[in-house]
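[1] sharing a sequence plus its predicted fold:
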Amino acid sequence: MPNLEHPAYPSATLLHLESLVPCRESQVSMLLSIFGERQQFSFPSIFIYGHTSSGKTYVMQTLLNTLQLPHVFVNCVEYFTSRLLLEEILIQLQSCSSETEQTSHVPCDTFNDFVRLFKHAVASQELQDQTLYIVLDRAEQLREMEANILPAFLRLQELTDRNVTVVLLSEIVWELCRPNTGCFEPFTLYFPDYSIGHLQKILSQNHPPEYSADFYAAYINILLGVFYMVCRDLKELQHLAALNFAKYCEPVVRGEANERDTRKLWKNIEPHLKKAMQTVYLREISSSQWERLQRDNGEPGQLKGLSAHTHVELPYYSKFLLIAAYLASYNPVRTDKRFFLKHHGKIRKTNFMKKHEKTSNHLLGPKPFPLDRLLAILYSIVDKRVAPTANIFSQITSLVTLQLLSMVGHNDQLDGPRYKCTVSLDFIRAIAR
Amino acid sequence: GCFVFKPSPKKRRVSQKTGNDFQERNNDSEDTELRFVTCQSLWNQIKLETEQIQEDLNKQLFDNLISFLRQSHSEFQEKTTEWTCQMKSREIPTAALVLGVNVPDHDLTFRSVSEVLQNNITPYIALLEAKDCPGIKNLMQKLMGQLMDCYIEEDSLEDEDCVQVSQKRISCSMTSLINWYESVTKKTDKTPSKKRTSTSRHWQSPPVVVIFKDMESFITKVLQDFIVISSQHIHELPLVLIFGIATSPMIIHSLLPHSVSSLLCIELFQSLSCKEHLSTVIDKLLLTAQFPFKLGEKVLQVLINIFLYHDFSVQNFIKGFQLCVVEHFYSQPLSVLCCQLVDAKNRVNSLSHDQCENVRRLPSFRRYVESQASEKQVALLTADNFLKEIIQKLLEDLHVYHENYVSVLRCLHVFTSSLPKYPLGKQIRELYCACLENQVWETEEYESSLQLARMLNKSDLVTMLQQCVEIFVSSSGKEFDKTVEKLKEFLTQFQKLEEAFQEQDVSVSSQKDLQKKTDLYHLQKTLLELKESRRSKKLTKFEKLRFEVVDYIDSLVRNYLVPADHKTLHEIFYFNSASVLREHLNAAPRIALHTALNNPYCYLKNQALKSDGGSISNKAPDICIVYKLHLECGRLINLVDWLEAFSTVVTAVEGPNADAASSDQVDDIIHARFIRAVSELELLGFIKPSKQKTDHVARLTWGGC
């Protein structure tokens, strides 16, 4: 493994940095060599991408903080409009400089203003002889803002004529981000997913003070054995590790096993972890509920998960409306006459089934249907006479707001609204009972 | 197009005019003022009662919610440095509040939730609705607006200017929210003496509660963004989310991807089902002698049907009930007597002559008069004073009848609710409707339920009898001492029977014989013998007793559960015009529209419009003529033909002599009238322009309505 080396920074700091970013040494050294020395101009824009929790944000943050490089760190989801984003960058820039007093809030509506204010902010402090880094996290959000924002950030160095580098962090590849009109191509850097070994190493690093590192590493090993198949999210794994560690320690605390008795510990924890995978991991029951269960040594069966409560009680006509909607969504129009009319005449069987309809309608998904058809089916499936009262119509609307039906197209009401039934067959079976 | 039926004397209007509406119809002294006052006081009582019910029913839910909120940010309070707490990712505590599909009721629930939270946990509560939040920006604006407003309320006027500054620069980002929160909490820290009240109730840093009223309607992206943003700042801003869910908690998983839902720590809270709520409301409002006002069978059925068939909304049920109250006091002049018995007796004495005549006109009273001796009949019909005495007596009778009715009804319900297949209904409301409708003992269902009751086993029977005893003991009726005694006697008899049975020991059962004989022929023989013996066998003691019990219950029912409309003067207390109610509550816009256009006389009450069969009168408004003509057409309507038909109708009766002059050329004015009428029809949604053929329009409706 290459040790981090760079002439510009003291080796002690680099060593410290290396210990903080395990399994990301090559990426860090690459970044360091791009950054160069403090006063050197760097690449105008760098695009870093990688899967969720592959350490992009963490590595950038630790790198910039440990080396004490002047930087601005902004999350594009949080600052959802360009105005908020630009203003936030300027505010952080102000706080970067210790000398200038906190000036009042400056409105910044356009990128033009931003460039002007940025120049002003950078000129007024000691930042001039250092590269300033602007890190935009979740940069894919920039696509949703005005068209000029992303290209302008990519060549901010050129526009402002200052020593600045923009770092974009994103979960998607650059090809999907690139605007159609073309732009300055950033330097792209890929953060690969952590392998199981990496995860093991990183997770074992933060062991609780009461227990030895080996003991915790063994635990992490078991945990990864269960969860690695479904979850590679480092954050999530860390969370799960913390949640279940108390249970793992139980035999040791009770004195039934010592720390080296791996097999016994494994037998104790494995079913527990499997249960956790079905419940906590899916957020069927919350982490706090899970902890409480552990403390009381209860069975998870007592606590019903969110999905257990599927039953929805509906008013009488709503049920029929929903059933009618389901029938209208999944039956072809041609069959209506056959199913819902008393005297439908004879059925010509040969013609009835066309070839392509042999595939189940359930695989094709719901089809839209007009309101009239829904009501016609409703009238035929309800035994009694149904008056078309305002209550019936309002029920259709409320079914739409409950997302049991969905409206297709937002046409004029006079054109006859069309709906789709969005519930599953199981749901319909449950309410039809 | 939709006709809105405006319930005529709605509360607000009435209170403004102080009962003038009640007077409109008859200007004579029908105690309108008094009726109005009675109506109001009665309604206020009922309203208080319903609010109390709501509060009691929600108490459990609210307590759970409060304890959840207290726990949720305990870590934030203590700032623990434990290893597990450091390692665990901080999730946003989230309460998923499953409230059922009765959306109209949710508003009230949320109002009381926020009230309770405000009193117990935190002053910082924001209620968000999906329709206000089409984007994350709007959501943040709404959120900050509500939070900062509540801060103003909490604080006095002195801080107003500083808040206004923060509102002026509406940078609705999380940072400004956090700054706001810090400044607010710091302020409370600094000046604890000034705000003793708030700090004693809340903690140093109370959580910020954000309630999403209708989770289902929120746009997924907005919700996701908000959760992602706030999870990044959970360390600085102790946020708690409450999701109001109408369907099932599954919706959380279908709305939020795992990456987002893993940021939440969701706990489920379920509110009471609306059906149970309704049962309690009916129990407390109708099955009690506390309120003199009663609903007739048909009316109650209409209200319950609207509830069960359409909306599940208890609020709407109560609104309907309110409408009944108002309508009853408005339309029934004698409703002045619909009050507590003591007041009613006083009021009887001061009845005017007109009111006495009103009493005499009541059908139930006329039946009563006819059943009396002839001289008494004369006195009743002529002497007001005598009449008043009798009224007082009858009112008292009715009062006693009501008191007894409820207890016996509950007692009967104890029996019927445990029978298989529930011939008389599972809920007491069904039984109540059946009893109100007609003499319940004459129905088939009652017969079959008695049959079933005669087959109950002993332990069930004993528990039921005990329940009945409890009901009668706690009831306010005075006549039940004997009943209670009788029931207790039954119980002791059962007790004795049990003792006797134990002494007797199990006699040699024929079952044993059966097992011995394996031969098919013998087996058959013995079985036949057994059957014979069983048929001829005398009833056991237990069976006899069981028959007695059931017969006794039957006699109680026959005595006390006489339908109300057999009672004299029931019109004073019972509201029976179901059709009025149906018209108001279960509006049929299309039918109303059709009647209005087809038969304008129905609404306009203009004698000239009185239609005679199918012909089209030219006196009718243009739109009616156009509508009637369009009913005769097919799917596509030719505008030119239509115009010609219209002009024929309009000009027809004006005189055959004028006909010749304007036969070829359609008058400009008529043309304009036609175009206006057609566009009105289009506005109402009966026709739309068609693209298939030019100068044609397409019909959108079919059939009579």
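    On my side now, so go ahead.
[2] what mean pLDDT does the helix or strand containing residue B:45 have?
    Element membership for residue B:45 (DSSP states H and E) is helix B:32-72. Helix B:32-72 carries an average pLDDT of 89.
[3] ditto for stretch B:147-160
    The predicted model gives stretch B:147-160 an average pLDDT of 56.
[4] tell me the domain boundaries of chain A?
    When chain A is parsed with the TED database, its domains come out as A:11-97+A:104-190, A:196-308, A:316-341+A:363-432.
[5] between the ones you listed, which has the poorest mean confidence score?
    domain A:196-308 (a mean of 80).
[6] that one close to chain B?
    Yes - with Cβ under 8 Å from any Cβ of the partner chain as the criterion, chain B is reached by domain A:196-308 at A:206, A:208-210, A:233, A:235-236, A:238-239, A:241-243, A:245-246, A:282-283, A:286-289, A:304, A:306-307. Glycine gets a C-beta too; all of them are placed from N, C-alpha and C.
[7] keep only those of the residues you listed that are in helices.
    Among the residues of domain A:196-308 next to chain B, the members found in helices (DSSP state H) are A:235, A:236, A:238, A:239, A:241, A:242, A:243, A:245, A:246, A:287, A:288, A:289.
[8] can you pull the pLDDT of the residue lying farthest from the centre of chain B?
    The C-alpha centroid of chain B is most remote from residue B:519, which lies 65.3 Å away (Cα atoms, centre = their mean). pLDDT recorded at residue B:519 is 70.
[9] can you tell me how far it is from residue A:112?
    110 Å (Cβ to Cβ, to the nearest Å).
[10] where does pLDDT dip in the stretch 151-300 of chain B?
    Along the stretch 151-300 of chain B, the model assigns pLDDT under 70 to residues B:151-171, B:187-204.
[11] and it, which of its residues are near chain A?
    So the stretch 151-300 of chain B meets chain A at B:169, B:171, B:173-175, B:214, B:216-217, B:225, B:228-229, B:232, B:246-253, B:258-259, B:261-262, B:264-268, B:270, B:273-275 (Cβ under 8 Å from any Cβ).
[12] show the buried residues in those.
    B:171, B:173-175, B:214, B:216-217, B:225, B:228-229, B:232, B:246-253, B:261-262, B:264-268, B:270, B:274-275 (16 or more other Cβ atoms under 10 Å in any protein chain shown).
[13] could you list which of those belong to strands?
    Counted as lying in strands by DSSP state E, out of these, are B:264, B:265, B:266, B:267, B:268, B:270.
[14] what bridges to the fifth one?
    If I follow you right, that is residue B:268. residue B:96 (DSSP bridges).
[15] for residue A:224, see how far away the closest residue to residue A:58 other than its chain neighbours is.
    Closest residue to residue A:58 apart from its sequence neighbours, by Cβ to Cβ, 6 or more residues apart in numbering or on different chains: residue A:21 at 7.6 Å. Per Cβ to Cβ, residue A:21 is found 20 Å from residue A:224.
[16] cool, and residue A:45?
    According to Cβ to Cβ, residue A:45 stands 36 Å off from residue A:224.
[17] just to revisit the earlier point, make JSON lines out of the domains of chain A and add distance to residue B:281 and mean neighbour count.
    Shown next, in JSON lines, are those (distance: least, Cβ to Cβ, whole Å; neighbours: other Cβ atoms under 10 Å in any protein chain shown):
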{"stretch": "domain A:11-97+A:104-190", "distance to residue B:281": "45", "mean neighbour count": "18"}
{"stretch": "domain A:196-308", "distance to residue B:281": "28", "mean neighbour count": "17"}
{"stretch": "domain A:316-341+A:363-432", "distance to residue B:281": "19", "mean neighbour count": "17"}
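[18] would JSON lines of the ones you listed with distance to residue B:529 be doable?
    JSON lines is the format used below for the domains of chain A (distance: least, Cβ to Cβ, whole Å):
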{"stretch": "domain A:11-97+A:104-190", "distance to residue B:529": "82"}
{"stretch": "domain A:196-308", "distance to residue B:529": "53"}
{"stretch": "domain A:316-341+A:363-432", "distance to residue B:529": "49"}
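[19] of the ones in helices among the residues of domain A:196-308 next to chain B, which is the nearest to chain B?
    The closest of these to chain B turns out to be residue A:242 (Cβ to the nearest Cβ; 3.7 Å).
[20] C-alpha coordinates for stretch A:426-433, PDB please?
    In PDB, the C-alpha atoms belonging to stretch A:426-433 read as follows (Å, rounded to 0.1, in the frame of the first residue of the first chain):
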ATOM      1  CA  ASP A 426     -54.300  -9.100  -2.700                       C
ATOM      2  CA  PHE A 427     -55.700  -5.800  -1.500                       C
ATOM      3  CA  ILE A 428     -58.800  -6.200  -3.600                       C
ATOM      4  CA  ARG A 429     -59.200  -9.700  -2.300                       C
ATOM      5  CA  ALA A 430     -58.900  -8.500   1.300                       C
ATOM      6  CA  ILE A 431     -61.600  -5.800   0.900                       C
ATOM      7  CA  ALA A 432     -63.900  -8.000  -1.200                       C
ATOM      8  CA  ARG A 433     -64.200 -10.500   1.600                       C
END
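[21] surely residue B:235 touches residue B:90?
    Yes - when contacts are counted by Cβ atoms under 8 Å, residue B:235 is listed as touching residue B:90 (6.5 Å).
[22] who has more neighbours, these two?
    residue B:90 (16 against 10; other Cβ atoms under 10 Å in any protein chain shown).
[23] so that one, which of the three states?
    Look at residue B:90: counting by DSSP: H, G, I helix; E, B strand; the rest coil, its state is coil.
[24] so what's the residue count around the residue nearest to it when sequence neighbours are not counted?
    Nearest-residue entry for residue B:90: residue B:234, 4.8 Å, with adjacent residues in sequence omitted and distances by Cβ to Cβ, 6+ apart. As a burial measure, residue B:234 scores 17 neighbours (other Cβ under 10 Å).
[25] any idea how far residue B:234 is from residue A:142?
    Distance, residue B:234 to residue A:142, using Cβ to Cβ: 25 Å.
[26] and what of residue B:541?
    Residue B:541 is 90 Å from residue A:142, where distance means Cβ to Cβ.
[27] give me the phi and psi for residue A:165.
    For residue A:165, the backbone dihedrals (degrees, to the nearest 10) come out as phi -130, psi 130.
[28] contacting residues around it?
    Contacts of residue A:165 were listed using Cβ atoms under 8 Å, 6 or more residues apart in numbering or on different chains, and they are A:35, A:42, A:43, A:44, A:45, A:46, A:131, A:132, A:133, A:134, A:157.
[29] one more: residue B:490?
    Residue B:490 touches B:465, B:545, B:548, B:549, B:552, counting by Cβ under 8 Å, 6+ apart.
[30] excluding its backbone neighbours, what's nearest residue B:263?
    Counting by Cβ to Cβ, 6+ apart, residue B:231 is the residue found nearest to residue B:263 once chain neighbours are left out, at 4.2 Å.
[31] number of nearby residues for that neighbour?
    Using other Cβ under 10 Å: residue B:231 sits among 18 other residues.
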